[in-house]
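[1] mind looking at a prediction? Sequence and model below.
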Amino acid sequence: MTVRAQPSRATATATANIAATAPRTAAASKRTAAASTALTAPPAGLGKGDSGAKVKQLQQGLVKLGYMTQAQMNTGAGSFGPQTETAVKKFQTDHQVPATGYYGDQTAAALKKALTKVSTPTTPTQPGKFTKPAVISAPSPNSDSRDGADIDTIVLHHTGSNNGAGDLAWMRNPDSKVSAHYMLDRDGKIYQLVGDTKRAWHAGKSELHGVPTDVNARSIGIEMVNDGSGKTAFTEAQYKSLTKLVGYLKQEYDVPMKNILGHKDVAVPKGRKDDPASNFDWARLRKGIGG
């Protein structure tokens, strides 16, 4: 954060002028700082063997979207090696661009669009608006393309255990064939496993309001660490984090309140799932997000 020095107050008139312009100046300064640090797609024309700042910028974008881990980037930051090429191919496949591994014009356009979609303002623009809460990146390989489907649903789950580390490891294991976009641990920490633009594997065979559909393709899945017994309370920290996250997602993707559901509400056949557990406080969540 930039600390601004106090202006001189030589006269009452100068003081009045400063008071009138300072809020606008501070706001403009914040907007300029945000714009200068925003993550953007680099220009096209990068391939295996290239190196430099533009490759690093590409890698940062792929990390942001969940196609590379920060650890993978750190081992070769600024170097377009096999891991970067693999990540580019995965991104291309998900965004229906020829999976050549070369970062060309089509891929650059798709990356720019994806990064713009996930970027969020640093402060609310109006009272009652939500900003995306802090998340910990923990990419899972268990995802694929939404095939153009728009996000219009949010599905809540419990993990079935009280072991957040174990639940996180399971959803990041390619053998599990399951994932979610976010996981809320019992201490309120939010982990992002799958980028919003991608299809996570959390709902299985499903329907929406009685109509069969691919709920995974149109939804954001959120797992809460809880054994699902109905006796283990969801924590205060979880409710606070969940309210911020669901409020942001509802606002960001214009999700109607009726489409904020539990897995038990969409699973087919009825009764196949019971999450979130019976002691989950739906009224508290709906009140918190303005529903």
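    Arrived safely, thanks for sending. Residues are numbered from 1 along each chain as shown.

[2] where do the strands sit along the chain?
    Using DSSP state E, the strands found in the chain span residues 136-137, 143-145, 153-158, 182-184, 190-192, 198-200, 207-208, 211-212, 219-224, 260-262.

[3] list the helices and strands the first one packs on?
    In other words, strand 136-137. Applying 3 or more CB pairs under 8 Å, 6 or more residues apart in numbering; DSSP states H and E, we find strand 136-137 packed against strand 190-192. C-beta coordinates here come from the backbone N, C-alpha and C atoms, glycine included.

[4] mind listing the strands the strand it packs on pairs with, and their directions?
    strand 136-137 (parallel), strand 182-184 (antiparallel) (DSSP bridges).

[5] what residues of it count as buried?
    For strand 190-192, a neighbour-count test (16 or more other CB atoms under 10 Å) marks 190-192 as buried.

[6] from what I can see residue 152 touches residue 257, true?
    No. Between residue 152 and residue 257 there is no contact under CB atoms under 8 Å: 11.7 Å.

[7] neighbour count winner among these two?
    residue 152 (14 against 11; other CB atoms under 10 Å).

[8] and the more buried one, what is it in contact with?
    218-219, 253-256, 259 (CB atoms under 8 Å, 6 or more residues apart in numbering).

[9] residue 42: how many residues sit nearby?
    By the measure other CB under 10 Å, the count of residues near residue 42 is 20.

[10] cool, residue 82 as well?
    When neighbours are counted by other CB under 10 Å, residue 82 registers 10.

[11] with residue 73 instead?
    20.

[12] likewise residue 283?
    Residues near residue 283, counting by other CB under 10 Å, number 9.

[13] ok, it to residue 239 distance?
    Between residue 283 and residue 239 the computed distance is 11 Å (CB to CB, to the nearest Å).

[14] what of residue 229?
    When residue 229 is compared with residue 239 (using CB to CB), they lie 18 Å apart.

[15] between these two, which one's more packed in?
    Just comparing residue 229 and residue 239: by other CB under 10 Å the higher neighbour count belongs to residue 239, 19 against 12.

[16] hmm, the more buried one is touching residue 284, no?
    Yes. Taking contacts as CB under 8 Å, residue 239 lies within contact range of residue 284: 6.1 Å.

[17] let me know the pLDDT of the residue nearest to residue 213 when sequence neighbours are not counted.
    The shortest distance from residue 213 to any residue other than its chain neighbours is 6.1 Å, reached at residue 207 (CB to CB, 6 or more residues apart in numbering). With respect to pLDDT, residue 207 has a value of 97.

[18] one more: residue 7?
    For residue 7, the model assigns a pLDDT of 36.

[19] of the contacts of residue 152, which is the most crowded?
    Neighbour counts for those, by other CB under 10 Å, peak at residue 219, which reaches 30 neighbours.

[20] can you list the low-confidence ranges for the stretch 101-250 of the chain?
    Low-confidence segments of the stretch 101-250 of the chain (pLDDT under 70): 118-128.

[21] how does it look with 90?
    The stretch 101-250 of the chain contains residues with pLDDT under 90 at 113-129.

[22] wait, doesn't residue 226 sit right on residue 232?
    Yes. In this structure, residue 226 is within contact of residue 232 by CB under 8 Å, at 5.7 Å.

[23] got any residues that touch both of the two?
    162, 277.

[24] adding distance to residue 157, write the contacts of residue 152 out as a markdown table.
    A markdown table is the format used below for the contacts of residue 152 (distance: CB to CB, whole Å):
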| residue | distance to residue 157 |
| --- | --- |
| 218 | 16 |
| 219 | 11 |
| 253 | 18 |
| 254 | 22 |
| 255 | 16 |
| 256 | 20 |
| 259 | 15 |
